[in-house]
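In: mind folding the following:
(one chain, ligands or ions: 1)
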Amino acid sequence: MKKKQGPQVPVFKPLIEKSEISAAVESLELGWLGMGSYVKDFETALTRVCDFSLEENRHIVAVSTGHAALHLALLMIGVSSGDEVITPSFNNAADFQAIRACGAEPVFVDIKEDTLCIDVDKVEELITNKTKCIVCMDYDIFLCDHNALQAISKKYNIPVLHDAAHSFGSYYNGRPIGNQHEYTMFSFDPVKAITCIDGGAIVVKGMENIKRLQAMRLIGMTQPVEQMYNNSRAWTYDIEELGFRYHMANLHAAIGLSQISKLDKIRSSRQASCKKYYEELSSITWLEAPKGDFDEVNPFLYYIRVLDGRRDKLREHMKLQGVDTGIHWQAGHNFTYFKDCRRGSLFVTEKIVDQILSLPLHSYMSDEDQFRVIQSIATF
Ligand SMILES: Cc1ncc(COP(=O)(O)O)c(C=O)c1O
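Out: All right, here's what the predicted structure looks like:
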């Protein structure tokens with residue numbers, strides 16, 4: 001049964017237009033529901049957006065979720081039992097769980113106050129001979145200091161896994177996200193700026209690594225990928241290592257392809273909404289509205305920091321005005337399952353987690369919806 005959307009302004013509103021619905025129908029009519037030609041086309045489209053330079057030999061493998069992408073990337077890095085992985089505590093739980101799924105331990109590092117991204121200056125003191133990887137995550141309208149992370153990675157010979165779940169379609173120093181580190185992951189989950197309903201992708205260097213990933217996403221089956229990309233499969237194959245059912249299905253790839261064809265419009269509309277939030281909210285004294293390099297990013301969120309311990313009261317007030325808000329995120333070290341993990345000083349993280357508030361941000365957000373959000377804050 002169709003359910004009508006309520007009158008409130010939701011935090012997220014997926015952009016599902018006729019083109020996504022037609023693409024989904026076409027992919028179903030093809031009759032090959034698993035991984036097939038649409039996944040190949042989706043990977044090609046992602047590769048085009050990332051615009052890899054030939055000499056770096058980077059390639060993309062699409063998978064079922066961002067979490068699956070993180071898990072496989074960590075396994076590719078060789079993260080296993082007894083290892084440590086440095087990650088901001090201010091991160092998505094998928095990162096912590098992917099680390100634990102490899103049998104390793106997250107080590108929590110603080111974030112920078114101005115970007116809420118990993119504080120690279122605090123990484124070095126947490127590195128030990130158990131450190132197998134550093135996870136950095138671009139948050140919202142901000143990108144990490146990827147140059148500094150590259151330098152640390154080189155100095156200690158520790159690979160960086162770039163969680164770019166928020167920054168697909170963004171640019172760092174003029175280069176598309178996906179080109180900065182040894183490993184990058186994307187998420188195309190239901191609320192991301194570009195969605196596949198659920199989906200993810202991993203960027204790695206070298207055809208050999210890609211072949212491994214292609215098997216690992218298919219419970220380890222070493223099927224010839226070209227056969228699957230022709231909507232067919234082999235019945236005999238080998239299994240050489242651990243694998244998972246993490247592949248992407250045609251239906252999801254078809255929706256993702258339709259979304260990518262609108263990337264420019266989606267990105268510019270979200271940039272415009274973020275600029276408007278900044279312009280309208282930055283003069284309010286009891287909150288902080290961030291100003292990023294709006295023209296360089298494909299924003300997933302727009303957050304504000306609510307000062308003086310009033311965040312939850314503001315949320316209630318906005319809810320009464322018909323405006324939903326979100327919290328991205330609670331800190332990792334405060335979860336029961338991760339409370340004993342090693343950490344450095346988390347001074348900024350501790351401060352931020354009680355202030356942070358995600359405002360509604362949609363692709364092609366209507367002026368009316370944005371006005372309602374701004375009014376609901378201004379009347380607090
Ligand atoms: C920063 C970050 N990393 C990883 C993920 C996990 O991606 P997915 O939901 O596709 O599994 C998310 C999802 O919201 C995220 O925001």
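In: residues of this structure that sit close to the ligand?
Out: 65-67, 92, 94-95, 137, 163, 165-166, 187, 189, 200 (CB under 6 Å from any ligand atom). C-beta coordinates here come from the backbone N, C-alpha and C atoms, glycine included.
In: any of these buried? List them.
Out: Neighbour counting by 16 or more other CB atoms under 10 Å classes 65-67, 92, 94-95, 137, 163, 165-166, 187, 189, 200 among these as buried.
In: give the other helices and strands that the helix or strand hosting Thr44 contacts.
Out: Per DSSP states H and E, Thr44 falls inside helix 37-50. If you count contacts as 3 or more CB pairs under 8 Å, 6 or more residues apart in numbering; DSSP states H and E, helix 37-50 packs onto helix 18-30, strand 58-63, strand 200-205, helix 225-229, helix 250-260.
In: save these as TSV, and put in mean pLDDT too.
Out: Formatted as TSV, those follow (pLDDT from 0 to 100):
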stretch	mean pLDDT
helix 18-30	98
strand 58-63	98
strand 200-205	98
helix 225-229	95
helix 250-260	98
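In: make CSV from the ones you listed and add distance to Ile194 to it.
Out: As requested, those are exported to CSV (distance: least, CB to CB, whole Å):
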stretch, distance to Ile194
helix 18-30, 11
strand 58-63, 12
strand 200-205, 11
helix 225-229, 21
helix 250-260, 5
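In: for the helix holding Thr44, buried residues please.
Out: 37-43, 45-47, 49-50.
In: need the max-distance pair from those residues.
Out: Ser37 and Cys50 (20.5 Å; CB to CB).
In: mind listing the strands in the chain by residue range?
Out: For the chain, the strands defined by DSSP state E cover 58-63, 84-88, 105-109, 131-137, 160-163, 171-172, 175-176, 183-187, 200-205, 287-288, 302-306, 356-359.
In: who touches the fourth one?
Out: I take that to be strand 131-137. Strand 131-137 has contacts (CB atoms under 8 Å, 6 or more residues apart in numbering) with 74, 77-80, 83-88, 91-92, 95, 99, 104, 107, 117-118, 123, 144, 146, 149, 152-153, 156, 158-166, 181.
In: same question, the third one
Out: With contacts defined as CB under 8 Å, 6+ apart, strand 105-109 is touched by 83-89, 95-96, 99-100, 118-119, 122-123, 126, 131, 331-333, 338, 341-344, 346, 349.
In: among those, which ones are in helices?
Out: 95-96, 99-100, 349 (DSSP state H).
In: what sits closest to Glu20 if chain neighbours are left out?
Out: Among residues not flanking Glu20 along the chain, Ser258 sits closest, at 4.6 Å (CB to CB, 6 or more residues apart in numbering).
In: that neighbour contacts Ser19, doesn't it?
Out: Yes: at 4.7 Å, Ser258 and Ser19 qualify as touching, with contact defined as CB atoms under 8 Å.
In: okay, those two: which has more neighbours?
Out: Ser258 (22 against 15; other CB atoms under 10 Å).
In: distance of the more buried one from the ligand?
Out: For Ser258, the distance to the ligand (CB to the nearest ligand atom, to the nearest Å) stands at 18 Å.
In: show me what contacts the residue in the stretch 1-150 of the chain that the ligand sits nearest to?
Out: With CB to the nearest ligand atom, the shortest gap between the stretch 1-150 of the chain and the ligand falls at Gly66, namely 2.3 Å. The neighbours of Gly66, taking CB under 8 Å, 6+ apart as the test, are 94, 165, 185-189, 199-200.
In: pLDDT at it, what is it?
Out: What the model reports as pLDDT for Gly66 is 98.
In: nearest spatial neighbour of it, skipping sequence neighbours?
Out: Ser187 is the one closest to Gly66 (CB to CB, 6+ apart), at 2.8 Å.
In: touching stretch 9-19 from outside, list them.
Out: Here stretch 9-19 makes contact (CB under 8 Å, 6+ apart) with 190-191, 195, 255, 258-259, 261-262, 266, 322-326, 358-365, 369, 372-373.
In: quick one: the residue of the chain positioned farthest from its centre from Gln223, how far?
Out: Most distant from the centre of the chain: Thr236, at 35.3 Å, with distances by CA atoms, centre = their mean. Applying CB to CB, to the nearest Å, the value for Thr236 to Gln223 is 9 Å.
In: kindly report the same for Glu17.
Out: For Glu17, the distance to Gln223 - CB to CB - is 34 Å.
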